[in-house]
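# let's see this in three dimensions:
(chains A and B)
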Number of protein chains: 2
Amino acid sequence: MDKVVKVAVDAMGGDYAPAQTVKGALEALEERKDIKIILVGQEKAINAELNGIGYDKDRLAIVHAEDVITNDEAPVMAIRRKKNSSIVVAMNLVKSGEADAFVSAGSTGAVLVGGQLIVGRIKGIDRPPLAPLIPTGNGVSLLIDCGANVDARPSHLVQFAKMGSVYMENVLGIKNPRVAIVNIGAEEEKGNMLVKETFPLLKNCNDINFIGSIEAREIPGGGADVIVCEAFVGNVILKLYEGLGSTLIGKIKAGLMSTTKSKIGALLCKPALKETLKSFDASRYGGAPMLGLNGLVVKSHGNSSSNEIKNSIIQCITFTEQNINDKIRMHLEEE
Amino acid sequence: MDKVVKVAVDAMGGDYAPAQTVKGALEALEERKDIKIILVGQEKAINAELNGIGYDKDRLAIVHAEDVITNDEAPVMAIRRKKNSSIVVAMNLVKSGEADAFVSAGSTGAVLVGGQLIVGRIKGIDRPPLAPLIPTGNGVSLLIDCGANVDARPSHLVQFAKMGSVYMENVLGIKNPRVAIVNIGAEEEKGNMLVKETFPLLKNCNDINFIGSIEAREIPGGGADVIVCEAFVGNVILKLYEGLGSTLIGKIKAGLMSTTKSKIGALLCKPALKETLKSFDASRYGGAPMLGLNGLVVKSHGNSSSNEIKNSIIQCITFTEQNINDKIRMHLEEE
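This is a model prediction of the structure:
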């Protein structure tokens, strides 16, 4: 058996915590034997969720944390003041090595700030990005940065490109991953100031396979493996992906139910359609790792269901096995 | 009969010009009697397309323009040097009043520069935006700006909000349209520098119904009538809309064809599904008007089919009848 990966889970983070976070943890334990979980949060609330459920007690621990950081709190202040919050306590477990990874569906801002202030940045990384996988017509692409660093500088985007490249090569096994920068036209002279300044820097990187600009239109078709952009743009892409997907699927369902004939047809199509649409379900891919830290931090959606929490936890096994942050450190320190 | 609207059409602009532009013009003439069209471009090429086709010669004129501005040319240079290009000649027809409107599927950059330099800005408008309608779950929303002014300033976004509001109220008849700014979180303190500076300015506008931030996730559901954003972000939204729509529809079609059972079902669903997906087809809504000019300029997609050209031309009737730019002028001059 491989090394057991210890994952600290923010039991209190997310819209449906602690019910879905605890459930997701139990599902992960069920699915993988090479994992141990530390549920971090209010012991009483966690135990209430575990009450009456059978699980492997050797592989599930609870670490009490009295406070909860909410989405409404200013992140820096919250991390500094709420030393007994589930996020701060869990991050300290990662820092001390008691946990290999941390998964949270809580406040994105607090997770990002905590990652930087508590877990700490790899030397040479100025702004650790959030990097989720997004579904495409022929697989997945890495979107980097999707929300950590608004108003980033060109040098940050170059670091994103390198980290993303290391990630796709090591975690997904894509040789020589195609790296592109999100732009509003294909030509080099197109773009806003940030893109115009970043483009030649990326072009000069010998350690990545930079293929130039990518228009948003080409992203869903899988036009590049690593999609580099500033966090505001990345966040818009990620959220529009979710919103447009669910609106379109809703429209299609309504269309299928609109006539008697189409209703009968829908019954026949359902299994095949379900399979197809599952490949475009973002929750399948788990959370977004925060790259470039001295430890593994994974941010799951605020509205995560137990399934998404489970996938985020299981994702940590691959990240840990691949030593993704170590590889990023080695790669960026070589320079 | 209403006033006849004279539309100059860039016969040479777009990926499928002049075949699709000329075809679109003929289709528009067929559909509406209250329209006259001036095809601007290389006379020989235009006549080759018209050859053997019957049409109302009283309502279709050709104005020869020898040059063509391509997508590869630097827009400012091209507009200044190519005085005999279809874009420059047609814009001058709008300026002189010989045409009420101009439709082009050619170089976006050249159309934007030409609009500003030849047709001219309304006093008080610093940066005329491109503002297309995008389909939503329950109708359409106006996306403003979708590609004209990258690196815009807060004051420009405030003008976009006001112009968009005038547009939706007058062209679509939406009373008190909901105006929102694209952001990466719902709270006022979220966002990048531009959004943070713009938010309080919008909040202080008494002449618009500002409802706050909108996350990209909420756009497809129709979360606001006027979606205000900087051009880079707007362009990403518009193009991701197109790309994700077509990838998802392709996936669904493949799914429907994957089993014998689903193939039979697909036959039964087809009519209902087609109707549903049509409402999400961006080409139905024609092109994007460039707002805030002393005349009407409509930019159609580079890959416009005749149907999209036709819709862009017909759109000009409503714009002209509603005197949209006059209303914008009045509204912004009142201040």
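# ok, which stretches of chain A are strands?
A:5-10, A:35-41, A:60-64, A:101-104, A:133-136, A:139-144, A:178-183, A:209-215, A:226-228, A:288-290, A:296-299 (DSSP state E).
# chain B is nearest to which of the ones you listed?
strand A:209-215 (5.3 Å; Cβ to the nearest Cβ). From N, CA and C alone the C-beta is placed, and that goes for glycine too.
# list the contacts of the closest one.
A:161, A:165, A:176-188, A:190-191, A:195, A:199, A:202-203, A:223-224, A:227, B:239, B:243 (Cβ atoms under 8 Å, 6 or more residues apart in numbering or on different chains).
# closest one to B:E321 among the strands of chain A?
Judged by Cβ to Cβ, the one of those that comes nearest to B:E321 is strand A:209-215, at 34.4 Å.
# tell me how far that closest one lies from the chain's centre.
Relative to its parent chain, strand A:209-215 has a centroid offset of 22 Å by Cα atoms, centre = their mean, to the nearest Å.
# in helices, which of the contacts of strand A:209-215 appear?
The helices, defined by DSSP state H, take in A:A161, A:S165, A:V195, A:F199, A:L202, A:K203, B:K239, B:G243 from the contacts of strand A:209-215.
# what's near enough to touch the residue nearest to A:G245 when sequence neighbours are not counted?
Once flanking residues are discounted, A:G245 sits nearest to A:F280: 5.8 Å by Cβ to Cβ, 6 or more residues apart in numbering or on different chains. A:F280 sits next to A:P135, A:G245, B:L248, B:K251 when contact means Cβ under 8 Å, 6+ apart.
# sorry, back to before: mean pLDDT and mean neighbour count for the strands of chain A - can I get that in JSON lines?
Listed next are these as JSON lines, based on pLDDT from 0 to 100; neighbours: other Cβ atoms under 10 Å in any protein chain shown:
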{"stretch": "strand A:5-10", "mean pLDDT": "97", "mean neighbour count": "28"}
{"stretch": "strand A:35-41", "mean pLDDT": "98", "mean neighbour count": "25"}
{"stretch": "strand A:60-64", "mean pLDDT": "97", "mean neighbour count": "17"}
{"stretch": "strand A:101-104", "mean pLDDT": "97", "mean neighbour count": "32"}
{"stretch": "strand A:133-136", "mean pLDDT": "92", "mean neighbour count": "22"}
{"stretch": "strand A:139-144", "mean pLDDT": "94", "mean neighbour count": "24"}
{"stretch": "strand A:178-183", "mean pLDDT": "97", "mean neighbour count": "25"}
{"stretch": "strand A:209-215", "mean pLDDT": "97", "mean neighbour count": "20"}
{"stretch": "strand A:226-228", "mean pLDDT": "98", "mean neighbour count": "31"}
{"stretch": "strand A:288-290", "mean pLDDT": "93", "mean neighbour count": "29"}
{"stretch": "strand A:296-299", "mean pLDDT": "95", "mean neighbour count": "28"}
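# with distance to A:Y16 as extra columns, can I get those in CSV?
Compiled in CSV, those are given as follows (distance: least, Cβ to Cβ, whole Å):
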stretch, distance to A:Y16
strand A:5-10, 13
strand A:35-41, 13
strand A:60-64, 19
strand A:101-104, 13
strand A:133-136, 22
strand A:139-144, 24
strand A:178-183, 32
strand A:209-215, 35
strand A:226-228, 29
strand A:288-290, 18
strand A:296-299, 16
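# buried subset of the ones in helices among the contacts of strand A:209-215?
Among the ones in helices among the contacts of strand A:209-215, the ones that count as buried by 16 or more other Cβ atoms under 10 Å in any protein chain shown are A:A161, A:S165, A:V195, A:F199, A:L202, B:K239, B:G243.
# quick one: stretch A:207-214 to chain centroid distance?
Distance of stretch A:207-214 from the chain centroid (Cα atoms, centre = their mean) equals 22 Å.
# err, stretch A:112-121, not the other one
Centroid separation between stretch A:112-121 and its chain, computed with Cα atoms, centre = their mean, is 16 Å.
# now do the helices in chain A.
Counting by DSSP H, chain A has helices at residues A:19-31, A:43-50, A:75-81, A:86-96, A:108-114, A:154-170, A:193-203, A:231-256, A:260-278, A:306-321, A:324-333.
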